[in-house]
Structure formats: C-alpha cells, structure tokens
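Asks: Sequence unavailable; structure follows:
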C-alpha cells in the first residue's frame, strides 16, 4: 500500500490470520474437548482485532477530513479480511466433521469433492482484490493510466527484476520450508524463521532509515534540534528523483518518505505504530502456535502437511503457516508418538537358495540376525513391525549310493551349521565368559509334503524357518520357490485365519476390513541366498510402502561384490544404472524391474487380480520360457505395473550381492537377462494405452521414453560397429566407407559362428575379440585426447561427446560421494563397451533358446559318494562310528506322536526309487561319510525321514531338535498347492524335443528381425558416408572460438544418435538430481525419527578372549571374523548411516 508506512505495510500482512484464528476457536469449541490450542486461538483473534483498531486510530483520527487516507485504510483492512478467507477450509472442515448438523456434514462431503473448484474460486478472489487495489491507487494518486503504461525502460527493468526476485525467492522459500517440514526440522527451520521473517524485514528497512537520519544530523554540524519532520521536508521530499547512480540510498529515502506522514518525533505515534505491528505479529503467532506441536511421520505426503499444494507469493510466510494442517490437540494427544497412527507391519524375509557357498550363506545369515537384534520381537517398544525369515532351499536332497532314502546335501548342511554358529555369536555379544550360551533353544524339525522344515528362534524372539525342498516332491527353480512362498505366506498364513473367523460366524464386513488392513500392512522382502544388507536398508523400504498405498514394490541400491576385471566392470555398470537409469524411471514414471535379490513387495499388490495367478502360469510357449523363467523378477514387476501399482527405487537402501567373477558366468547371466528385458518391455509397450490408463505413473511420454530406450538397445550393435568404424577412420586414416566394411566383418563372422559352435566356444571367441576391441578403444580414446591437445579444441563431435559424458559421470559421482571411487572403473567400462553392447548382445540373442540358468551350476567332485574314495580308518574310528550309528538308530526308532498324514508321508518316502544324480561334494565327518564306509551297515540301519534329525544334530553339539508335525489342514493345503501349481514335471522326451524346436524357431525369428534392423541401420550409414547424400560441414574453432581452418563433417545419422543420446542422458541427469535431493530429506527424517533407545542400545561390550574356546564354531578364525564384523556393524546408528550412500526419490507418487 503506497500511502501507508513501511512498518504497517510489512506487519499488516500478519493480519490475514484473523479469520483462521476465529475459525480455529470455533472448531475447537465444536469438538467439545479440553483443547490446548483454544486459548491461543482466542488470544490471536483479540490481538489482531486490537491491532486493527490501533491502526484506525493512528491514521484516521489524525485528520478526519482526509478521505483519501480513509480510503487507503479501508482498502487495507478490507483486503486483509478478504485474503484471510483463503485458508478457511483448513478449519471449516473440522467444524463440519465435529458438528451434529446433517447439513454441515453433507456440506463437508460436497466441499471435499469440489476442492479443486474452491481453489480456483479462491484464486479468482485474490485476483479481484489485487485489481481493486491497483485500480483504486491510480485515480487516488491523481495519476493517468497513460503514465502507468509509459514507464521508461530502466524503471521497467527494475520492476521486472524486482518481481522476478520476488517470484524466485517465494518459490525457494516454499520448497525449503516443505523440505524442513519433511526433515522434521519444524521448529528450528520452519516456525522460527517464518515468525522472524517480518521482524527481520522491518529491521532491514528501519535501521538504514535511522542511520541516514543520524548521518543527516551530523552532516549539518549544528547544535539545533533537528526533528524527523524537518528531515523529511528537506532531505526526503526535496531530493532529486532521478534514478541515476546508486539505487540503495534512493530506496532508503523512499522508505523514509512513508514514515513522514507520522510524527515520529512523538512517542504517541511511535507507541501506536509499535502496538499495531506487535498486535498483528503476536496474533499470527498465537493462531499458528499449534504447529509447534505438529507430529510428522518419518516420511510424509505433502497433502498431509498442507491443505493446499499452492502458496501465496505475496504472503509467503503467512501462507506457509496458515496452510499447515490444523489438528485439534488435547493434552494426551501431544504425548502420542507418531508411530501410533499406523498399524504394525508384518514383514516376511524370503530368501531363495540353491548352490550358495559357505561365505555367501554366512553373509545373509549375519544380515538376518542383525535385523533380529535391530528389531527384537521381545522388546515391546519396537512395535512398528515384526518379521519372520523364510529360506527356501531348492534341491536340498540328494541320493546316496546304497541308501533307499534321500539325504540332505552339503549345501543344506552348511546352512544349518552356519545358523548355529551365527546364533552363538549374536546370543553372546553382551555376555561375559561365564554367561556364554551356545545351545539353540526352541528348534523343531517337521516333515512336510515338499520335503522338510526347520524352525529356529533367534536370540531376540524372531523366527527363521528353513524350507528344504525335495525336487522329487515339488517343482524346483527360483520362480517356483517364489510361487511357493507367495501362496504359503499370503494364501495360507495371511488368509487362513480370516477363513476360520468366517466359519465362526464373524461378519463379512469386519472380515473384509481386517483382510484389507492386513494386506496393506504385510510385506514380503525378496532376497537372494548371498544378499548382505543392513537393517536401516529394510526400514527405508518399509517407509515407502507404508506411506504411499499405491506403491506395490520398492527396490534398493544393489552393490556387486567380488574382485577381478569382470566385477570391476559390473561395479561401474551397476553404478551408472542406479545413478541415472533407475532414478529417471522413478522420477518420471515407474521402475520397470525391482531386482529379486533385494526388493520389498506389498501383499495387497501381489494378491491383486492377474498377478499371483498369472505369475504361476506354467511356461507352455517358447516366449513364456524367455519372459517368465529367465527374468522372474522383471516379469513380476511387469504384472504389477499392468495392474496399476507403482514400483519405486530407494537408493538409501544398500544391499550387497556377489557378482559373476569370470567372463563365462557373466555372459551366461546376461544371456538370461537380455532377452527377458526386451520381452517384458515389448509387452508393456504393446499395452501402452491400457497401462497408461490403469497406472497414473506410466504416462505416455514416459512410455515414449521407454520406446526410445528400446530402439537404442536394439540398434546398439550397429551403433558400436559405427563407433568402431569411426575409430578406424580416425586412427588409421581409412575412408569412412572402407572403415565401416572392415568394422562389420568381425561381428558378422562371430554372429555366424554363434549359430554353429557350442556356447563355451562362443564365449572363448568373444573373450579374445573383447581383448582386441579393448586395445582399439584404448587407442582411440588416447588419440582423441591427443588430438584435442594438439588442435587446442574440444569442438569436434568425438571430443564433445567424450568431454560431455566425462563431465556428466564425474558430476554424478560427486553427488554420490561415498561411491565416487567407482568412477575410476569407468575407463575399464569404456574400453569394454564393444564387448558389452556388441559381442554380448550377439551371444544373448543367438542363444536365447537356451533356457538353462547358466550360473551356480553343480560342480560334483570326482568320486564323491563312492566307497572307494574314503580314506581307510583305524579300528578305533570305525568303532566310534558304529556306536554313533547305533545311537542314531535308537533315536530314529522312537515313535513320535505323528498323525496319519505324517505316516503316509514317511511311507511314500520309503518307497521312493532313487534316481541317479551327479554326486555332490560332501563335508567330512558326517553321517553320509559314515554311510559310505559300510554299505551293509547302511542297509541294516536304514531309517525313515526322522534320520534327518540325527543327520543335522551330528553337525554340531548345540543342535537339539524337537520333532513336530504339521496340522492336518496345512498338510492338505500343501498337497493341493503342489498338485495344482508345483507338482514336479514329468520327463517327456517328445515334449522336450518339441519345446527345443519351438525355442529355436523363436530364436531364428527374433534374431533375424533384430539383426536385420541393425543391418538396415548400417546400410543407411554406409550410403550416407560413401555417396555423401547429406553432410553437414562446420568450421573447427579453437578454445578462443577462432577458426583453425579445418572442417568437420557431421553425418545425419550420427547427429541424430548424438542428439538422442544427449537428450536421454540429460533427462536422466535431471531425474538423478531430483532423486538425490529427496534422498537427503528421507535420510535426515530417518535419523530424526529413529527411537533414541535404538541408537544407544547398539553399543557393544568386548567379549573376553576365552569365550571363543567355549563356542562350537567350525574354526576360531571363522568365529573371530564373524564377531569382528558383527561388532563393527552393530554400533550406534550414526555409524550405520555414515556408511550408507543415501539416495531417495524426489517425485512423490502421483496418487499422493
């Protein structure tokens, strides 16, 4: 308001809280509770009204005949009241909810439905108020509209800059305030700064006025008393109004001029002005003091923090304070912890195992026990979630020569032994030597229709359930293990109890409500058998699913572990994939693949229509084997995306898994992943309209982005060939056409050989060619760098490409400081590009008909399982083993309380006909070795399933198993499930041959189309290069932009590729930046909300060195290594989090 003083102009904005404060009081009165915010609301209304009265006295009573001033005052007061209507819905909604009036309740429902229209009308009202003020100012100031529209250019620029600064600063203020709210820094970074904003502005303006006034008095060098009025008449009103020179003094004098209307030499005017300013300010404080006690969850949706997603730039601090959601608070309500608002979650850790090594199993077991210590079931304060760990061990049994029953293999026995060892470590972390306990209590072994089940209770109350699968009873391989635990955990454990309630007569509505709540609060964590993770990684994934109900799955940052060139290549590849690709997918759409080694799934999403049922489909067509079985995690995510669920990436959740360490294993792994990825992306793109309609996150622009990525992946071999051709032309000076022909010959020969040679031979040839290509890439890279130095320019296509990519990767790595060292693996990645995107692509496409797993294949030891390989033993050793056999026989002959179902299972297993299988390497000193020593004794003491107990107990003196049986209804469930979905497939040679031919035919069709498109791309490039159909020539300039006299030619196809790639990388970089910012917010919020007792409870005591001798570890070295690792990782949370590379997603789900 131009005719009001600066103090009033700044503080009267706080008067817009008058109506919100009044509605606050009304809302709390209608609640009929003892509210702690009622008195502040009443005081706020009174303070603001008192300030308006003082304001009227200060301006109107000075001159009752001054109509112009009265008009300005009326506009100011009326404008404040009108603007205060902007936040009425924050409180009126509560009035409607708490009221007994049916009219108000129906009005509330109508207002909720028409909320967007209300915001539009409110915005129009503000525009009308602004137009009225501007329209009244021009005639009241005796100005003509021509004067307003004919402002000189310099003044126009000043006005535009001022408005621009205000807009940008308001937007930044809103964003930082929102970030402070979500980081739980409400008081120190949100409330206090906004309260002090208007006071700081006043100080910023008033202090220079006082300084200039005092300086003016000193400059006169007189003893006369110079008052403020005379200073205004001479120095302010009599100044030259030209804007030539420094603007700041003019700004100070303009501010001074607004105060000249008042007699600032009298204490009455100063007191009235100060009283009005303080009244408005304290009124805003009282109206928003409830925010001081605002409870924020760990991660919070913006709509739960603010009523409206918009903000008022002219009233930025008032808008942020008054737009914060108002909750009626009682004295008891303040004491409630934020976690009481949510139902406790149930988490199932589901790990699939097969042929993991001892060290790999040790990693995941330490992680599970670490989570047990982090969230103990026996601690009632840790009630945000409970968990069970389920391990599904594929092909856990083997035939032993001379035995009629199947025995646990060495991998399964390793698992049990490791559980025993890790249990002892975590059980005795805080105990002295004389308190050490090693024996594991609460163990049970159960015979099941699928094999066997072993149940352990961990030291802090959570259970580990090991499911040993017998491939002669249930279908093996990873997808079927996933189907097994999906139906067991969700279909049986989650739903069976509600079915029992229904039988008891509970109401359908109550059962449906309970089922929906449990499905939303039940999560499955998919793990591989070698995954190593920290508890905070799990917590951060749970946060995402808890907060956003439409998030069906979330994955973490996967770090490959190992050593060697193959692993180094994968480290950088994984880093770039997570840094750029997954972040872009998360921010602009949805993550297309949530890796099965560390992903969290919502039960409600898995139980949705067309997810579990479709996922259980048996592969019958060639395309099914590729899409369903070769990439089971991506296939599951495709089903979730099609059903409208969102899949997210949480970069703060770090997990470590072993990566292929040799060339052959890497190629075989990517041979599975490549065709499966293409199949699933094509499946999504073919259903673009349906997917975009069902899934708001999968917009059509995002689908177009995926289409571009798919085309780039298809044309990757041709692009690499063109790059190699350009390298040959650059280094050796070969003509472009001839270089292209030379570059095509090696991959074409390799393509032909792949159709004729065995896979091992193909991989060997690819390895040799990869070395040659690596030297070529290294030579080209050094040549380009040398050319840039020699010509003193980077403005060539190749130089621009290398410099731009280097800058992007380095900046990206800098934004991931704890992973920055991975950028040094980038050189290896660059020289391996032809191998990864040309040779590997050819290999995976030609061998897509091979549907074997390709990694972790069995490696039987020569002569394992044969009597001739056993070492001759002494008579004492033989006597000792015979005694053990006798004890085992006596224990196995005990008659447990079995039901008829278990008896039938035992009978069926006794009647099994052993099928010859490759023998597995067995650990020494086990009962299998005993059985191999004397086959006649094995036959004499042959026992049923219960001998597994003896077999396991002989692994360690600390295993004392309790025999148990399944309930009849659970046995029936497993039998029906196996019969319907998991029954082992019969060997049908004719069907296998037909499937083999169909896969080969599909391979031929897809490979022809794939390589035909690449050939067309190469032919087009060849034509453009040889015949110079269309060439763009640009003068080469140096770093000073001076022409060097040289010319560079840019071909259209190369230019199109560079531009497309640049746009794609730029989009990914923007997504990464947004992702990093929100990661920081989530990280800080996590630190702020973790219970204090959790942080202090992690400090460990040193164990006495003699404790190692009392444990039953396999070796002292193993125990000390586990102990050191557990001590290092179980310290306070601050150390936990400092070791994590925290990233998070910036964009909230669209349904939020």
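Replies: All right, it came through fine. Please read these numbers as outputs of a predicted model, since none were measured by experiment. Numbering: from 1, shown residues only.

Asks: burial of residue 367, as a residue count?
Replies: Per other Cβ atoms under 10 Å, the neighbour tally for residue 367 reads 25. Yep, even glycine has a C-beta here, placed from its N, CA and C like the rest.

Asks: Determine the three-state secondary structure at it.
Replies: Under DSSP: H, G, I helix; E, B strand; the rest coil, residue 367 falls in the helix class.

Asks: residues contacting the closest residue in space to it that isn't next to it in sequence?
Replies: Nearest residue to residue 367, sequence neighbours excluded (Cβ to Cβ, 6 or more residues apart in numbering): residue 533, at 5.0 Å. Residue 533 is in contact with 367, 527, 556, 598, 653-656, counting by Cβ atoms under 8 Å, 6 or more residues apart in numbering.

Asks: Toward the C-terminus, what is the element adjacent to the strand ranked longest in the chain?
Replies: Longest strand in the chain by number of residues (criterion: DSSP state E): strand 646-658. Later in the chain than strand 646-658, the nearest helix or strand by DSSP states H and E is helix 663-686.

Asks: Return the backbone torsion pair for the residue nearest to residue 367.
Replies: Torsion angles at residue 533 (phi, psi; degrees, to the nearest 10) stand at phi -150, psi 160.

Asks: per-residue confidence at it?
Replies: Reported pLDDT at residue 533 in the predicted model: 95.

Asks: returning to that earlier point: which one of the contacts of residue 533 is nearest to residue 68?
Replies: Nearest to residue 68 among the contacts of residue 533: residue 653, at 64.8 Å, using Cβ to Cβ.

Asks: residues touching the closest one, list them.
Replies: Applying Cβ under 8 Å, 6+ apart to residue 653 gives the contacts 533, 536-538, 540-541, 554-557, 598.

Asks: if we can go back for a sec, look up which residues are beta-bridged to the residue nearest to residue 367.
Replies: Counting by DSSP bridges, residue 533 is bridged to residue 655.

Asks: Give me the distance between it and residue 462.
Replies: Distance from residue 533 to residue 462, counting by Cβ to Cβ, to the nearest Å: 15 Å.

Asks: And residue 1056, by the same measure?
Replies: Note on residue 1056: its distance to residue 462, by Cβ to Cβ, is 56 Å.

Asks: So if I had to pick from those two, which one is more boxed in?
Replies: More neighbours surround residue 462 than the other of residue 1056 and residue 462, with 23 against 10 (other Cβ under 10 Å).

Asks: quick one: the more buried one and residue 389 touch, right?
Replies: Yes. Using Cβ atoms under 8 Å, residue 462 is in contact with residue 389, at 7.0 Å.

Asks: circling back: okay if I get the contacts of residue 533 as CSV plus pLDDT and distance to residue 623?
Replies: Output for the contacts of residue 533, formatted as CSV (pLDDT from 0 to 100; distance: Cβ to Cβ, whole Å):
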residue, pLDDT, distance to residue 623
367, 95, 36
527, 95, 28
556, 93, 30
598, 95, 28
653, 92, 33
654, 93, 35
655, 95, 31
656, 95, 34
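
Asks: Neighbour-wise, give me the winner out of the residues you listed.
Replies: In the contacts of residue 533, the most neighbours by other Cβ under 10 Å go to residue 653, 29 neighbours.

Asks: Okay, and the beta partners of the closest residue to it other than its chain neighbours?
Replies: Setting aside the residues directly before and after it, residue 653 is nearest to residue 556 in space (Cβ to Cβ, 6+ apart), at 3.0 Å. When bridges are called by DSSP bridges, residue 556 pairs up with residue 650.

Asks: who are the neighbours in contact with residue 556?
Replies: 533, 537, 540-541, 598-599, 649-655.

Asks: Max pairwise distance over the residues you listed: which two?
Replies: By the measure Cβ to Cβ, 533 and 649 form the most distant pair in the contacts of residue 556, at 15.5 Å.

Asks: Name the residues of whichever strand or helix holds residue 83 that are buried.
Replies: Following DSSP H and E, one finds residue 83 within helix 67-84. By neighbour count on 16 or more other Cβ atoms under 10 Å, the buried set for helix 67-84 is 69, 72-73, 75-77, 79-80, 82-84.

Asks: on that earlier part again, I'd like the distance between the residue nearest to residue 367 and residue 371.
Replies: From residue 533 across to residue 371, the span is 8 Å (Cβ to Cβ).

Asks: now do residue 596
Replies: 19 Å.

Asks: do the same with residue 252
Replies: As defined by Cβ to Cβ, residue 252 lies at a distance of 63 Å from residue 371.

Asks: the more surrounded of these two?
Replies: Neighbour comparison, residue 252 and residue 371: the larger count goes to residue 371, with 24 against 18 (by other Cβ under 10 Å).

Asks: Local confidence estimate at the residue most central in space within the chain?
Replies: Central residue of the chain (Cα atoms, centre = their mean): residue 650, 1.3 Å from the mean position. Listed pLDDT for residue 650 reads 93.
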